[in-house]
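1. here is a sequence with its predicted model. Questions after.
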Amino acid sequence: MDRMNEAARALSEGVGTSFLTGKLHHPPSDGDFSGLMDRAGSRLVVVDFFADWCGPCRQVAPLFEALASEFPDVVFVKVDTQNGLSCSEDVKSLPTFRFFRNGEVIDEVVGADISSIKAKIQSHAF
């Protein structure tokens, strides 16, 4: 809850984009997700669409979180599909990892394949 409040507060206060990188974000609402995407601008944003009941989601979660430290210029976001955020409406399988730039989806990995996720980050981040 503290991370969500911190991101929401930073967005509302107009803090620079440095708060975006190096950690995992958990936007609690559509507005927070949209604001996060807007603030990210041309930075690569990787979104993990997950659910608490999903075994593979739980299995890959700590590996995904570690990527935030490994790729400090990339914005990492987790969206719980059970929270009803509209950005997750068309997600058909869990986990799904979507890669965004300038608010547009540029790539996707379906499944808990951390090697594929890392390869996509490497190909799109630089």
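-> That came through, no problem. Numbering: from 1, shown residues only.
2. C-alpha only now, for contacts and for neighbours.
-> Fine.
3. beta partners of the most centrally placed residue in the chain?
-> Nearest to the mean C-alpha position of the chain, counting by Cα atoms, centre = their mean, stands residue 77 at 2.0 Å. Judged by DSSP bridges, the bridge partners of residue 77 are residue 25, residue 47.
4. do you know how far it is from residue 24?
-> Distance, residue 77 to residue 24, by Cα to Cα, to the nearest Å: 6 Å.
5. and what of residue 101?
-> Using Cα to Cα, residue 101 is found at 17 Å from residue 24.
6. also residue 107?
-> Distance check for residue 107 against residue 24: by Cα to Cα, it reads 19 Å.
7. so which of the two has more stuff around it?
-> The neighbour count for residue 107 versus residue 24, taken as other Cα atoms under 10 Å, is higher for residue 24 (21 against 15).
8. lowest-confidence helix or strand of the chain?
-> Least confident element among the helices and strands of the chain, by mean pLDDT, DSSP states H and E: helix 2-13 (a mean of 45).
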